[in-house]
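Student: Attaching a predicted model along with its sequence, questions to come.
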There are 2 protein chains.
Amino acid sequence: MQNHLSYDEIMALEQRYRASLINSLGGFKSVCLIGTKNTLSQTNLAIFNSLVHIGANPPLIGFIVRPDTAERHTLSNILATNYYTINHINETIYEQAHQTAARYEANASEFDATQLTEEYKHNFFAPYVQQSHVQLGVEFKQRIDLTINGAIFIIGEIKHVYYPQECLHNTGFIDLELAKTITCSGLYSYHTTQLLGRLSYAKPNTLPHKID
Amino acid sequence: MQNHLSYDEIMALEQRYRASLINSLGGFKSVCLIGTKNTLSQTNLAIFNSLVHIGANPPLIGFIVRPDTAERHTLSNILATNYYTINHINETIYEQAHQTAARYEANASEFDATQLTEEYKHNFFAPYVQQSHVQLGVEFKQRIDLTINGAIFIIGEIKHVYYPQECLHNTGFIDLELAKTITCSGLYSYHTTQLLGRLSYAKPNTLPHKID
């Protein structure tokens, strides 16, 4: 049976219940670890499930920050240093990734607290997560303040990409399932995936077919 | 073995190859059908994989539009009428959902072309997809032009929610796997999911545990 909730009913819900419900409605989400370092060389690592593709030319990626949460150190480090890493989460590290959302003291690094390993390469300022199989080095480009609720939209340009060679198709597609990347739903539910199909480019008057 | 691509190498790639690669890097994504109607009552339906949660209080959801694509009718209808629906995609309809990306003539409805069914309820202006199990009725709130690449970020407020009753947990979490919602990666790859675990709220000095 299908249930219905109106706006007024949603707004009347207890706050944490509403957060859990509304966070479920956007579907399965990208979930990643964002690595940063402040100007005193202290590292930070935080889980985000609000990643969104902005464009490929140039390669741009965005995410939403809520400044009143554990995410605030990520934001201040990015604004102070301009660089961050985006690291895919796999089955082996998803519990550690979730744990980075705890409100650690300002002088504690989530890398140490969760036993994830900092990795530095190609002279990039921010730390990658060594246990992650798909890693992006990103340069901060734009901050957009969402006046509607105080959230902040951060846009960055992808400067470095690392991925497992065996996952790359000859179309440029990267097989994230083979790379063991996971997805999430709501605030705390993590999932592996199972391929349904890769479909051909959609054209009028012909149905899509499965491709390799 | 891990491959590396620099920004210069990415920018030197053939355009469609680059689009396919960069679209893969954001991880598994929310994928949905957005239903609209213009002022002449002609309906439109288009697939989007750029949904992002903005906030729960009030309930806000966003997505990215590229105005030079088949997505342009969705944008013009939303700006003209203020209302749209967001419909989750399930395994049964994913090929039809993909097909909505074809460039149909301006006077053709993707509902007819793909044999998905318009559904109207609670006096909401825009059409829902009857075959979808999780449906949102959304009111347009804000348009943000991303000057960095010409994309447009659309923010709306959730006015109606429909979901299968058996999917709702007592925390407010909606079990999207039970609702048969799927996820996507890259531009054309569709996946079902398999639960790894739902984890307890993260706190310092204690590890998360699995919850129901």
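Tutor: Yes, it's here. Numbering: from 1, shown residues only, chains lettered A, B, ... in the order given.

Student: Only C-alpha atoms from now on, for both contacts and neighbour counts.
Tutor: Fine.

Student: Beyond the helix or strand that contains residue A:197, next helix or strand please.
Tutor: Using DSSP states H and E, residue A:197 sits in strand A:189-199. For strand A:189-199, the following helix or strand on the C-terminal side (DSSP H and E) is strand A:210-211.

Student: for chain A, longest strand please?
Tutor: strand A:152-164 (DSSP state E).

Student: Just list what whatever helix or strand comes next after that strand packs against, helices and strands only.
Tutor: Using DSSP H and E, the helix or strand that follows strand A:152-164 in sequence is strand A:183-185. Under the contact criterion of 3 or more C-alpha pairs under 8 Å, 6 or more residues apart in numbering or on different chains; DSSP states H and E, strand A:183-185 touches strand A:189-199.

Student: And the helices in chain A?
Tutor: A:7-11, A:15-25, A:72-81, A:94-99, A:110-114 (DSSP state H).

Student: right, and those - which one's nearest residue B:97?
Tutor: helix A:15-25 (18.1 Å; C-alpha to C-alpha).

Student: Give me the angle between that closest one and strand B:152-164.
Tutor: Angle between the axes of helix A:15-25 and strand B:152-164 is 110 degrees (criterion: axes from the mean of the first three to the mean of the last three C-alpha atoms, to 10 degrees).

Student: Distance from the chain centre to stretch A:154-162, please.
Tutor: Here stretch A:154-162 shows a centroid-to-chain-centroid distance of 12 Å under the convention C-alpha atoms, centre = their mean, to the nearest Å.

Student: any low-confidence regions in chain A?
Tutor: A:70 (pLDDT under 70).

Student: Please tabulate the helices of chain A in JSON lines, including the columns distance to residue B:3 and mean neighbour count.
Tutor: As requested, those are exported to JSON lines (distance: least, C-alpha to C-alpha, whole Å; neighbours: other C-alpha atoms under 10 Å in any protein chain shown):
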{"stretch": "helix A:7-11", "distance to residue B:3": "46", "mean neighbour count": "15"}
{"stretch": "helix A:15-25", "distance to residue B:3": "34", "mean neighbour count": "22"}
{"stretch": "helix A:72-81", "distance to residue B:3": "26", "mean neighbour count": "18"}
{"stretch": "helix A:94-99", "distance to residue B:3": "23", "mean neighbour count": "24"}
{"stretch": "helix A:110-114", "distance to residue B:3": "24", "mean neighbour count": "19"}
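
Student: Please name whichever of these is nearest to residue A:124.
Tutor: Per C-alpha to C-alpha, nearest to residue A:124 of the helices of chain A: helix A:72-81, 11.4 Å.

Student: which other residues reach the closest one?
Tutor: Identification of contacts with helix A:72-81 by C-alpha atoms under 8 Å, 6 or more residues apart in numbering or on different chains yields A:34-39, A:44-46, A:65-67, A:84, A:140.

Student: same question, stretch A:169-181
Tutor: A:88-91, A:133-134, A:163-164, A:167-168, A:192-195, B:16-21, B:23-25, B:27-28, B:185-186.

Student: same thing but 6 Å
Tutor: A:88-90, A:167-168, B:17, B:20-21, B:24 (C-alpha atoms under 6 Å, 6 or more residues apart in numbering or on different chains).

Student: can you give me the end-to-end distance of it?
Tutor: 16 Å (C-alpha to C-alpha, to the nearest Å).

Student: Any buried residues in it, and which?
Tutor: Neighbour counts over stretch A:169-181 (16 or more other C-alpha atoms under 10 Å in any protein chain shown) mark A:172-177, A:179-181 as buried.

Student: beta partners of residue A:2?
Tutor: residue B:164 (DSSP bridges).

Student: quick one: it and residue B:166 touch, right?
Tutor: No: when contacts are counted by C-alpha atoms under 6 Å, residue A:2 is not listed as touching residue B:166 (8.7 Å).

Student: check contacts around residue A:27.
Tutor: Applying C-alpha under 6 Å, 6+ apart, the residues near residue A:27 are residue B:30.

Student: ugh, typo on my part, it should be residue A:90
Tutor: A:180-182.

Student: And for the residue most central in space within chain A, nearest residue in space, chain neighbours not counted?
Tutor: In chain A, the residue lying closest to the centroid (C-alpha atoms, centre = their mean) is residue A:32, at 3.4 Å. Closest residue in space to residue A:32, ignoring its immediate chain neighbours: residue A:88 at 4.8 Å, by C-alpha to C-alpha, 6 or more residues apart in numbering or on different chains.
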